[in-house]
Each structure stands twice: as structure tokens, then as C-alpha cells.
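**Student:** Kindly generate the corresponding structure for this input.
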Amino acid sequence: MSHRVLEVVEPPSLSISPSPLPLAAPGQVLSVRCEASGFTPLPLELSWEFLGADGAPAALGEASLSGHREAWEGTYSQSSLLQLDTSALGRGGGLVCVARHRGGTRRSKVALEVIGFSAPSIQDSMAMVGMALLLYGIITLAFRNITGTELHSN
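**Tutor:** Below is the predicted model:
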């Protein structure tokens with residue numbers, strides 16, 4: 001008679017704090033924590049990803065990882081703390097905590113909005129150039145009409 005061992009595999013639940021993230025100014029450093037809880041067995045790999053408003057990924061600094069903690073019912077929890085420097089993140093985007101576990105990969109996302117004196121985007125620059133050309137055309141047309149009217153009235 002053979003005995004079978006039943007192994008329980010439970011993927012983690014993720015939560016990011018603070019959520020929602022506060023508005024950030026360029027160059028500000030935010031502390032963001034991702035908590036993975038209720039998973040078994042060990043190990044768990046926690047990492048961070050960032051997708052800018054334009055959809056491009058950005059490199060993030062190293063995050064610190066806590067040791068795992070065991071709950072009374074036999075599941076584990078672990079957290080990752082990221083010191084997020086907003087100066088390299090443009091106007092913001094989506095910050096994602098990724099947990100890779102035998103029970104599956106889980107992702108939790110929060111929006112980051114960077115306000116203030118960041119450089120304008122390509123779309124903003126194109127809109128400013130377009131507006132400048134439009135104003136130039138209107139002013140030129142108005143000037144021609146005024147000078148043309150004056151020439152005819154003499």
C-alpha cells in the first residue's frame with residue numbers, strides 16, 4: 001500500500017501601499033511597499049516593473065526584501081520596499097509589483113502621476129509648435145487685412 005503526500009500550493013495575494021500613490025514632484029523619492037501574503041510553499045520572488053505613460057518600461061532602483069513570516073495556519077508572507085525616485089519616470093505611469101510563485105504569477109498595479117516641472121512630452125511640444133504656427137498665420141492675415149484696408153482708403 002502506497003502513501004501519497006498531498007502538497008498544498010497557494011499563490012500569494014498582493015497589496016501595494018500607499019494606494020493610491022500620492023501625486024509626486026520630479027526628483028521626489030517615494031517609499032512604496034508590496035505585501036505578498038497567504039502563500040505556500042516557499043520560495044517567492046518579488047520584483048517591480050514600471051511602464052511609463054507612453055508604454056515604455058523604465059528601470060527602477062533596487063528594492064529591499066523582508067524575510068518571510070509564517071502565519072499560524074502555515075502560509076507565509078513577505079514584503080518588498082521600493083525607494084522610487086521619480087526624476088527618471090517622466091510624467092508617471094503604472095507601477096507593478098510582480099510575485100512569481102509555484103502557484104502562479106500575480107501582478108498588482110498602481111498609477112503614479114508626476115506633476116510639476118517635468119519636460120514636456122513630444123505630443124505637448126508638437127501641440128505648442130502647431131499653436132504657434134496657427135497664431136502666426138492669424139496675426140499675418142490680420143496684419144495684411146489692416147494694411148491692405150489702409151492702402152485702399154488713401
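**Student:** Name the residues that touch the helix or strand where Thr105 lies?
**Tutor:** Assigned by DSSP states H and E, Thr105 belongs to strand 104-113. For strand 104-113, the external contacting residues (CB atoms under 8 Å, 6 or more residues apart in numbering) are 11-16, 19-21, 23-24, 30, 32, 34, 36, 50, 84, 86, 89, 91-99. Just so you know, the C-beta spots here come from the backbone N, C-alpha and C atoms, and that holds for glycine as well.
**Student:** one more time with 7 Å
**Tutor:** By CB atoms under 7 Å, 6 or more residues apart in numbering, the surrounding residues in contact with strand 104-113 are 11-12, 14-16, 19-21, 23-24, 34, 89, 92-99.
**Student:** Show the pLDDT at Ser118.
**Tutor:** We note a pLDDT of 46 for Ser118 in this prediction.
**Student:** Buried ones in the strand holding Thr105, by neighbour count?
**Tutor:** 106, 108-110, 112 (16 or more other CB atoms under 10 Å).
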